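Participant: Sequence below, structure please.
(chains A and B)
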Amino acid sequence: MAVAAEVVAEAQFVEHRRGFRRRWYRTPSFVAGASILGLIVLAALAAPLITRHDPTSQDLLHTLAGPSSSHWLGTDDLGRDVWSRLVYGARTDLRVAFLAVVFPFVIGTVLGLVSGYYGGSIDSVTNWLVNVVVAFPFYVLIIALVFALGPGTRSIYIAITLVGWVSYTRIVRGEVLVAKRRDYVLAAKSAGLSDLRILFRHLLPNVITQAIVFSMSDIVLDILAIVTLGYLGLGVQPPNPDWGRMIADGQTFITTHWELSTIPGIAIIFAALGLSLLADGLADLLRPE
Amino acid sequence: MSDRGAPLLHVDGLRVEFNLSRGVLCAVDGASFDVHQGEALGIVGESGSGKTMALRALVGLLPPAARVTAGTVVIDGVDVTKAGEAKRRELRGRTVSMIFQEPMTALNPVMRVGEQIGETPLVRLGLSRRAARARALELMRLVGIPDPKRRAEAYPHELSGGMRQRVMIAIALSADPKLILCDEPTTALDVTIQDQILKLLGSLQRELGVSLVFVSHDLAVIAQTCSRVAVMYAGQVVETGTVDAVFREPRHPYTLGLLRSVPDFDSVRDRLSSIPGLPPDLALPPAGCRFHPRCPFAQEDCRAAPIPLIELADERATRCLYHERCAEDARREPVVARA
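Facilitator: Predicted coordinates:
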């Protein structure tokens, strides 16, 4: 009987392992999100290979031209190739957005871990800071900070870090408050492990999932913030291409050449869609058993 | 108590209190017991009798709202109640380790089991990664996990309940402790697996000479694994002695009631009795003997003043004034078919 039980357990064990590996491509949102985002990232990386024109070179003899074999998506009011600007714009916006997410992610996660685990005065101070930042609307605070710091990518990183960490702190702190009562934390303590080890080796891998999932949506928010700042002239500075500035530049010609603003708009929607689907898929895949 | 020298674990008058909004709740009230090297002590009692809190107080791992307000705990010559947190952490894992009730929640769900077993040797014994891994595999073999090389790569959810508890035991053994505190280690397992785990713990205790404190509500489990037993009721140790003596001739009506409520298929009893009433609210315990409202032998003087632990012959003690009547009752209608 013991042998039979062992065989059954063995079969379940093997079955479970196989199921786990099979899972990622069975999650449609993950596959769809990864494909969309992968396509955009690939285009951004291969920008010099898939464009024929410099995104900043002007051709004043061929302004506001329609699509042609030379200019696939036409040219803008300064005769710049729209396809080149779109692809190079993806390069700028995605790079800035991904980098802008790293600092708040790290800072917010560490603060959330520490304040959730220790509680007490550390937690009170952190909570107070979180509430102060949360009291302001996200975009208003970002725009005000970038305005004060002066336009440019460096200001974007600083502003997004100063505002963005709160979400990660809140998410991770909440997860830690639940997780620290679990028996495995008590078991780790009963083995005499240090707080530092319990925090980063035991708790962090258990609570980081939600933060990773949120970071995907956060990149979307950041792209929108960067684009908005570009639109307002506070973001990526000309002549570097950026989707926000493309929309702003095209606005003047919206009645005659609507595609100039619409094309970067569609690109933003696709990037956001890809990231959101990816976040959704990751949430499914990373969910602990 | 005995001539075996200083006990490995000495607990005297341990008191654990919880600060609640409605007042102070005394979860453990004056618990005293000794465990010698290589001995197994069972602590038995129903849910809420304070056995788990007593166990956690031994290693200084009480929940935030609870604290030790009186008594001493000496483990291997170190006074835990007076020692600082650093000193206590030094004891944990190395001298004392714990096994928990529910291995699914007591194992880290996102860490491979081999890594979890090797962690204490790696961090606490200063072994190299390679040596810690070898130690983990050796421990897995010791606790009877088949194909340890492959299972070491598994996550806890990929293992069966029995395998998970074996992993827990391997973790508890990983730094060669002298004392293992087991908090209902078989409650979450089904009966056949429970038997395997108990046999494993018994053989480890004999072969490695490690001492066990075994907390359980299951009298059969205590009878199978322990030589001595302490019965807890409403935060107090109400009776102690050897398992043999206490189970054959209980000298506290609560122990008698517990034994009578165990179903036994080849028993002389044809009727299963239960203890009338409910355990008391620990924030407002009854005056005098805490068991008197449920006790069939209760007299006026049981209600008057708290009953001290009365020392009897054969290293036994009870908190009952009328333990003779209790023993008589047990003799008239035996409680255990085979001890």
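
Participant: where does the residue in the stretch 51-200 of chain A that chain B sits nearest to fall, helix, sheet strand or coil?
Facilitator: Here the residue of the stretch 51-200 of chain A nearest chain B is A:Gly192; by Cβ to the nearest Cβ that distance is 3.6 Å. Every residue, glycine included, has its C-beta placed from N, CA and C. Under DSSP: H, G, I helix; E, B strand; the rest coil, A:Gly192 falls in the coil class.

Participant: Repeat that for B:Ala131.
Facilitator: Per three-state DSSP, B:Ala131 ends up helix.

Participant: Can you give me the neighbour number for it?
Facilitator: Residues lying near B:Ala131 (other Cβ atoms under 10 Å in any protein chain shown) number 14.

Participant: Pop out the phi and psi values for the closest residue in space to it that isn't next to it in sequence.
Facilitator: Nearest residue to B:Ala131, sequence neighbours excluded (Cβ to Cβ, 6 or more residues apart in numbering or on different chains): B:Pro121, at 7.4 Å. Backbone geometry at B:Pro121, expressed as degrees, to the nearest 10, gives phi -60, psi -40.

Participant: Surely B:Pro121 touches B:Arg129?
Facilitator: No. Using Cβ atoms under 8 Å, B:Pro121 is not in contact with B:Arg129, being 10.1 Å away.

Participant: Of the two, which one has the most company?
Facilitator: Comparing B:Pro121 with B:Arg129 by other Cβ under 10 Å, the one with more neighbours is B:Pro121, at 23 against 10.

Participant: State the mean pLDDT of the strand or helix carrying A:Leu37.
Facilitator: Following DSSP states H and E, the helix or strand that holds A:Leu37 is helix A:28-45. Averaged over helix A:28-45, pLDDT sits at 92.

Participant: residues in contact with the residue most central in space within chain B?
Facilitator: With distances taken as Cα atoms, centre = their mean, B:Val215 lies nearest the centre of chain B, 2.1 Å away. Residues counted as contacts of B:Val215 (Cβ atoms under 8 Å, 6 or more residues apart in numbering or on different chains) are B:Gly42, B:Ile43, B:Val44, B:Lys51, B:Thr52, B:Ala54, B:Leu55, B:Leu181, B:Cys182, B:Asp183, B:Glu184.

Participant: Please identify which helix or strand holds A:Val106.
Facilitator: Judged by DSSP H and E, A:Val106 forms part of helix A:82-118.

Participant: Please spell out which residues along that helix are buried.
Facilitator: A:82-94, A:96-97, A:100-101, A:103-105, A:107-117 (16 or more other Cβ atoms under 10 Å in any protein chain shown).

Participant: Any chance of the backbone angles for the residue nearest to the spatial centre of chain A?
Facilitator: Nearest to the geometric centre of chain A sits A:Ile219, at 2.1 Å (Cα atoms, centre = their mean). Backbone torsions for A:Ile219, taken as degrees, to the nearest 10, come to phi -60, psi -40.

Participant: Please tell me how far it sits from B:Gly84.
Facilitator: 46 Å (Cβ to Cβ, to the nearest Å).

Participant: Tell me where the model's unsure across chain A.
Facilitator: A:1-22, A:287-289 (pLDDT under 70).

Participant: Recalculate using a threshold of 80.
Facilitator: Residue ranges of chain A with pLDDT under 80: A:1-26, A:57, A:59-67, A:69-72, A:74, A:77, A:79, A:238-239, A:286-289.

Participant: How about the residues of the stretch 101-250 of chain A by chain B?
Facilitator: Residues of the stretch 101-250 of chain A found near chain B, taking Cβ under 8 Å from any Cβ of the partner chain as the criterion, are A:182-184, A:186-194, A:197, A:201-202, A:205-206.

Participant: In helices, which of those appear?
Facilitator: A:Asp183, A:Tyr184, A:Leu186, A:Ala187, A:Ala188, A:Lys189, A:Ser190, A:Arg197, A:Pro205, A:Asn206 (DSSP state H).

Participant: Is it possible to get TSV of these that adds neighbour count?
Facilitator: Below are those laid out as TSV (neighbours: other Cβ atoms under 10 Å in any protein chain shown):
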residue	neighbour count
A:Asp183	20
A:Tyr184	24
A:Leu186	20
A:Ala187	25
A:Ala188	26
A:Lys189	20
A:Ser190	26
A:Arg197	15
A:Pro205	14
A:Asn206	20
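
Participant: can you pull out the helices in the stretch 151-300 of chain B?
Facilitator: Along the stretch 151-300 of chain B, the stretches classed as helices by DSSP state H, counting those that start in this stretch are B:161-173, B:191-208, B:219-225, B:243-248, B:253-260, B:300-304.

Participant: Any part of the second one near chain A?
Facilitator: It refers to helix B:191-208. Yes. Helix B:191-208 reaches chain A (Cβ under 8 Å from any Cβ) through B:Thr192, B:Gln196.

Participant: and the stretch 101-250 of chain B, which of its residues are near chain A?
Facilitator: Within the stretch 101-250 of chain B, the residues that sit near chain A (Cβ under 8 Å from any Cβ) are B:102, B:105-111, B:119-120, B:123-124, B:146, B:154-155, B:157-160, B:163, B:168, B:171, B:174-175, B:192, B:196.

Participant: can we see that at 7 Å?
Facilitator: Those residues of the stretch 101-250 of chain B that sit near chain A, judged by Cβ under 7 Å from any Cβ of the partner chain, are B:102, B:105-110, B:120, B:123-124, B:157-158, B:160, B:171.

Participant: Buried members of the residues you listed into ChimeraX, please.
Facilitator: Per 16+ other Cβ under 10 Å, the buried members of those correspond to this ChimeraX selection:
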select /B:102,105,106,107,108,110,120,123,124,158,160,171
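
Participant: Take the residues of the stretch 101-250 of chain B next to chain A and write them to a markdown table, including secondary structure and pLDDT.
Facilitator: Below are those laid out as a markdown table (DSSP: H, G, I helix; E, B strand; the rest coil; pLDDT from 0 to 100):
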| residue | secondary structure | pLDDT |
| --- | --- | --- |
| B:Glu102 | coil | 85 |
| B:Thr105 | helix | 88 |
| B:Ala106 | helix | 91 |
| B:Leu107 | coil | 93 |
| B:Asn108 | coil | 92 |
| B:Pro109 | coil | 88 |
| B:Val110 | coil | 87 |
| B:Thr120 | helix | 92 |
| B:Val123 | helix | 91 |
| B:Arg124 | helix | 89 |
| B:His157 | helix | 88 |
| B:Glu158 | helix | 88 |
| B:Ser160 | coil | 89 |
| B:Ile171 | helix | 94 |
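
Participant: wait, which of the residues of the stretch 101-250 of chain B next to chain A is closest to B:Tyr254?
Facilitator: B:Tyr254 lies nearest to B:Glu102 out of those, by Cβ to Cβ, at 26.7 Å.

Participant: Pull up the gap between that closest one and B:Ala313, please.
Facilitator: Here B:Glu102 is placed at a distance of 40 Å from B:Ala313 (Cβ to Cβ).

Participant: same check, this time on B:Ala298
Facilitator: To B:Ala313, B:Ala298 is 25 Å away according to Cβ to Cβ.

Participant: So if I had to pick from these two, which one is more boxed in?
Facilitator: Shown here are B:Ala298 and B:Ala313; by other Cβ under 10 Å, B:Ala298 has more neighbours (18 against 7).

Participant: what about A:Phe138, how many neighbours?
Facilitator: 17.

Participant: Please disregard the earlier target; I meant B:Leu204.
Facilitator: Applying other Cβ under 10 Å, we find 18 residues neighbouring B:Leu204.

Participant: ok, of the contacts of B:Val215, which one's closest to B:Leu219?
Facilitator: Using Cβ to Cβ, B:Val44 comes nearest to B:Leu219 of the contacts of B:Val215, at 6.1 Å.

Participant: separation between that closest one and B:Val221?
Facilitator: Distance of B:Val44 to B:Val221, computed by Cβ to Cβ: 9 Å.

Participant: For the two, indicate the residue with more neighbours.
Facilitator: Just comparing B:Val44 and B:Val221: by other Cβ under 10 Å the higher neighbour count belongs to B:Val44, 27 against 24.

Participant: The more buried one touches B:Cys226, doesn't it?
Facilitator: No. Using Cβ atoms under 7 Å, B:Val44 is not in contact with B:Cys226, being 9.0 Å away.
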